[in-house]
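Peer 1: just need the structure, nothing else, for what follows:
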Amino acid sequence: MKVHPKRVLVAMSGGIDSSVAAIFLQEQGYEVIGMTMKTWDYASTGSKKKETGCCTLDAMQDARNIAVKFGFPHMIVDIKKEFGAFVINNFKSEYLAGRTPNPCVLCNTHIKWDALLEKARQLSCRYIATGHYANVRKENDRYVISKGKDITKDQSYALWGISQENLSKTLFPLGNFTKKTIKDFASAKGLHDLVNKSESYEICFIPDNDYRGFLKKNVKDIDKKIGPGDFLLEDGTMVGKHQGYPYYTIGQRKGLGISLGDPVYVTEIRPKTNQIILGSFDDLKRTGMYVYKINMVKYASFKNQSWDTVTKIRYNDPGRPAIITPTEDKLKVFFGNGAYAIAPGQAAVFYEGDDILAGGWIEKPFVKQTI
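Peer 2: Residues are numbered from 1 along each chain as shown. I've put the predicted structure just below:
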């Protein structure tokens, strides 16, 4: 099947960013096809919050309206089965293992990109595109992801897992623009509803942000299998009971249901013994961590040598200097000034300037002390 060199399939969520991305590409002479992915069934979550964000009927209609207004085709593709089998099952299993999952990274790199590229192949598209604030370029036979111009909106952290093959077919039309520029452009096009549309930052299948409620509804007999456990201080003193280790995350302070005078945080989760360790904010500090399942981006390998990087351990993390050293099957990461609330299950992304060197999943922080 012959590929059309200027045909591009654009992922459209119904929001301002993906809509403007499609319009930008059309104005640059691309033959645009819009595609909205249905990743989850709102009714199945049991949430009482009003339906918002992507994947809703309103969002899909908004995307379709943009396509009609600007005269390009639009389609809806149902990927609920793939999404549930991979992203939601991983979300549940990670919490049951005492880790804190990052479903948005998994969805981007393993579900949405695969769905886009499969449909692009069927439609003879040369490229796929999204509304992410990030950039991609080819350098020394590698496709390199770098930060978007608008650092306050940069989304490169969520894209580290995309393969080189998939990056070779990916466009990020918004990478060199600020959010203000995008809003001004949309206003000039008369898209005032999009400009004023609220943006959703919740996980799509948990629109009310109630992770505990989601697990209770979706993990059979979770409370019977796990049940309450002990809250321990860093010195081993038992100070109360918790509802079960899957309901807590590293760094959590609110919702513990315990008062000890001074603020306390979850510093460690012990799934084997169903224990939650509490400590001060300073007790959250670790000197480093191990990271596994590495995806190389800027270079093909680390060549068995240490690298100076700026490392992000969560989406909104500004990043901090770190030295990474490859071992047999993972990376050992040392923070010269330490890092707080390193949560197993989250993504770690390593930067060289604005470029992503590599990314991976946090296995565990260095041990601070043994109780």
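
Peer 1: gap between the nearest residue to residue 219 once chain neighbours are set aside and residue 316?
Peer 2: Spatial nearest neighbour of residue 219, chain neighbours left out: residue 92 (5.5 Å); criterion: C-beta to C-beta, 6 or more residues apart in numbering. Every C-beta, even on glycine, is put in place using the N, C-alpha and C of the backbone. From residue 92 across to residue 316, the span is 24 Å (C-beta to C-beta, to the nearest Å).

Peer 1: please apply the same query to residue 270.
Peer 2: 27 Å.

Peer 1: the two: who's more crowded?
Peer 2: For residue 270 versus residue 316, the count of surrounding residues by other C-beta atoms under 10 Å is larger for residue 270: 15 against 6.

Peer 1: remind me which residues of this protein are low pLDDT?
Peer 2: 1, 42-55, 200-201, 369-371 (pLDDT under 70).

Peer 1: walk me through the domains of it.
Peer 2: Structural domains annotated on the chain: 4-196, 225-280, 284-365, as defined by automatic domain parsing.

Peer 1: and the longest one, end to end?
Peer 2: Meaning domain 4-196. In domain 4-196, first residue to last residue: 35 Å (C-alpha to C-alpha, to the nearest Å).

Peer 1: repeat that for stretch 255-275.
Peer 2: 16 Å.

Peer 1: same check, this time on stretch 153-171
Peer 2: 17 Å.

Peer 1: residues in contact with it: which ones?
Peer 2: 8, 25, 104-106, 108-110, 113, 117, 120, 126-130, 132-136, 138, 142-143, 145-148, 178-179, 295, 297, 312, 315, 317, 347, 349, 356, 358-359 (C-beta atoms under 8 Å, 6 or more residues apart in numbering).

Peer 1: now, of the residues you listed, which are buried?
Peer 2: Among the contacts of stretch 153-171, those classed as buried by 16 or more other C-beta atoms under 10 Å are 8, 25, 104-106, 108-110, 113, 117, 120, 126-130, 132-136, 142-143, 145-148, 178-179, 295, 297, 312, 315, 317, 347, 349, 356, 358-359.

Peer 1: inside helices: which ones of the residues you listed?
Peer 2: Per DSSP state H, helices hold the following members of these: 25, 104, 105, 106, 113, 117, 120, 179.

Peer 1: hang on, the last one packs against residue 152?
Peer 2: I take that to be residue 179. Yes - judged on C-beta atoms under 8 Å, residue 179 makes contact with residue 152 at a distance of 7.3 Å.

Peer 1: host element of residue 331?
Peer 2: strand 330-340 (DSSP states H and E).

Peer 1: that strand pairs with which strands, parallel or anti?
Peer 2: strand 285-296 (antiparallel), strand 320-326 (antiparallel) (DSSP bridges).

Peer 1: lovely, talk soon.
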